[in-house]
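Engineer: Build me a model from this:
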Amino acid sequence: MTTRALLIAACVLLAGGAAHAATVENVRVWSEDGRTRVVLDLSGPARHNIFTLRGPDRLVVDLEDSTLGSGLESSLPEPVGSLAGIRTGQRANGGLRVVLDLREPVRSRSFTAGPNGKHGDRLVIDLHREGNLTPVRSASERYREARDIVVAVDPGHGGRDPGAIGHGRTQEKAVALAIARELAKRIDEEPGMKAVLVRDGDYYVDHRERMNRARKANADLFVSIHADAVADRRAKGASVYVLSLKGASDEAAMLLAERENAAGVIGGVSLADKDDLLASVLLDLSQNAALSASMSVGAHVLEELEKVGSMHRRTVQQAGFLVLKSPDVPSILIETAFISNPDEEKKLQSEAHRRKLANAILAGIRQYFYTYPPPDTKLAMSLREGQLRYVISRGDTLSEIAQRYNVSMSVLKATNNLSSDTLRVGQTLNIPIPAGS
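Structural biologist: So this is what the prediction gives:
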């Protein structure tokens, strides 16, 4: 059964530290309602990459530092649904290649899942039949039908809750709102992206309501903005947090216990009418996919924030923050600086510095979604076609756009048949995507 969480987690790599050698211990397949699911049971976490090839149609799965279990080659499952066969081969770099031969063109989605009571680590690949009766449409028609990536931006605290207060009486709630507004503005300027502010004024929003607002907006990502404080004024630097495993476990237990009376919905699928085992499996898959995505986007944001200023923590941290507990929306919390540090408090008061922070956060978000675009989005379609569409806003310059998307001015001008650097508001530029993006 497909949930929105699984769609969000399409092609998500297992993020975090270096993975240890893994063995594919079993391969399971089944098919229903035009969807074929392939599950690789693993001895432990493994990084993976998936791509499709045509003529004939096949899906290639590369697992880093992995091997096929002893005797499994001769006992691979029989083909079903869209699957015509399974082949494997050990690669020279120590990785394992699994090739899924296909009977027909399919849309593929994958996610990783950690151990539960029944299974260990898994790589799950869903193959959705594209169908042969789809009418041919122009690229512009398909682009209009595709959706924007939605990022919920959450300014921490607000109203009666000022958050931390700096030595110069700067309030965290005001700084968080200013950075969040700048970030939302930048996201809205991105082709194929849209921001939703969880709060856009000085008022308080309950922590669970913040999660609910993101879910109601069908957010692909939840980003909470804060400014840290401790007694030691020397503490400085930014940090990025995702949900801890303990926090995820506690939330899962609460959702399962209250699913009859609470919303208990994961990606539009209610848990209320599911038996204990199925509800637990759905929740486990959703949480694992969301946490994997959270770790990955958090790492990208952390890398970009390092370019702006000092870091308090150089790896993504895990904690039980309530706003991070959505089971089906990848979520990160960013401590942009220590407001308790007089030097960093002064920087947070600067509009120019807040803009740098917002740009860095956006760069991390962009890098993540360029790598793992949800398949039904405008960005995914643009990436498949090899270029993005960018609509010029007031203040845009050709040099800034070229720098933002890592494209040379000459290539950008040649792609759009521009004879000068002059741009007009509302003009659409086609931006070629550099190889490797």
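Engineer: so what pLDDT did the closest residue in space to Leu123 that isn't next to it in sequence get?
Structural biologist: Distances taken as Cβ to Cβ, 6 or more residues apart in numbering place Leu40 nearest to Leu123, at 4.4 Å, with adjacent residues excluded. (C-beta placed from N, C-alpha, C; glycine too.) pLDDT, Leu40: 92.
Engineer: Tell me if Ala272 really is in a helix.
Structural biologist: No. Checked against DSSP: H, G, I helix; E, B strand; the rest coil, Ala272 lies outside a helix; its state is coil.
Engineer: The residue nearest to Leu123 touches Val27, doesn't it?
Structural biologist: Yes. In this structure, Leu40 is within contact of Val27 by Cβ atoms under 8 Å, at 5.8 Å.
Engineer: who's in contact with the residue nearest to Leu123?
Structural biologist: Neighbouring residues of Leu40 by Cβ atoms under 8 Å, 6 or more residues apart in numbering: 24, 26-27, 61, 63, 98, 122-125.
Engineer: secondary structure class for it?
Structural biologist: Quick answer, by three-state DSSP: Leu40 is strand.
Engineer: rewinding a little: between Leu40 and Val27, what contacts are shared?
Structural biologist: Val98.
Engineer: which residue ranges form the helices in this protein?
Structural biologist: 4-8, 139-145, 172-189, 207-216, 245-257, 276-305, 342-348, 351-371, 378-385, 398-404, 409-415 (DSSP state H).
Engineer: can you list the ones you listed in a markdown table and add mean pLDDT and mean neighbour count?
Structural biologist: Formatted as a markdown table, the helices of the chain follow (pLDDT from 0 to 100; neighbours: other Cβ atoms under 10 Å):
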| stretch | mean pLDDT | mean neighbour count |
| --- | --- | --- |
| helix 4-8 | 39 | 23 |
| helix 139-145 | 66 | 11 |
| helix 172-189 | 96 | 22 |
| helix 207-216 | 92 | 18 |
| helix 245-257 | 81 | 16 |
| helix 276-305 | 87 | 22 |
| helix 342-348 | 96 | 19 |
| helix 351-371 | 93 | 20 |
| helix 378-385 | 80 | 19 |
| helix 398-404 | 85 | 15 |
| helix 409-415 | 88 | 14 |
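Engineer: Generate JSON lines for these, with distance to Pro432 as supplementary columns.
Structural biologist: Below are those laid out as JSON lines (distance: least, Cβ to Cβ, whole Å):
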{"stretch": "helix 4-8", "distance to Pro432": "27"}
{"stretch": "helix 139-145", "distance to Pro432": "15"}
{"stretch": "helix 172-189", "distance to Pro432": "19"}
{"stretch": "helix 207-216", "distance to Pro432": "33"}
{"stretch": "helix 245-257", "distance to Pro432": "40"}
{"stretch": "helix 276-305", "distance to Pro432": "22"}
{"stretch": "helix 342-348", "distance to Pro432": "36"}
{"stretch": "helix 351-371", "distance to Pro432": "13"}
{"stretch": "helix 378-385", "distance to Pro432": "10"}
{"stretch": "helix 398-404", "distance to Pro432": "11"}
{"stretch": "helix 409-415", "distance to Pro432": "5"}
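Engineer: Out of the ones you listed, which gets nearest to Ser70?
Structural biologist: Among the helices of the chain, helix 276-305 comes nearest to Ser70, with 27.1 Å by Cβ to Cβ.
Engineer: what packs against the closest one?
Structural biologist: helix 4-8, strand 106-113, strand 239-243, helix 245-257, strand 265-266, strand 331-338, helix 351-371 (3 or more Cβ pairs under 8 Å, 6 or more residues apart in numbering; DSSP states H and E).
Engineer: Could you give the average pLDDT over the shortest one?
Structural biologist: Just to be clear, that refers to strand 265-266. Strand 265-266 shows a mean pLDDT of 72.
Engineer: Tell me how far the residue nearest to Asp232 when sequence neighbours are not counted lies from Gly309.
Structural biologist: Leaving aside its chain neighbours, Asp232 sits nearest to Ser340 (7.8 Å; criterion: Cβ to Cβ, 6+ apart). Using Cβ to Cβ, to the nearest Å, Ser340 is found at 15 Å from Gly309.
Engineer: before we move on, what about Val269?
Structural biologist: 42 Å.
Engineer: returning to what we had before: Ser340 and Gly309: which has the busier surroundings?
Structural biologist: Ser340 (22 against 17; other Cβ atoms under 10 Å).
Engineer: so that one touches Gly166, yeah?
Structural biologist: Yes. With contact defined as Cβ under 8 Å, Ser340 counts as touching Gly166 (6.3 Å).
Engineer: any residues in contact with both of those two?
Structural biologist: The contact lists of Ser340 and Gly166 share Ala229, where a contact means Cβ under 8 Å, 6+ apart.
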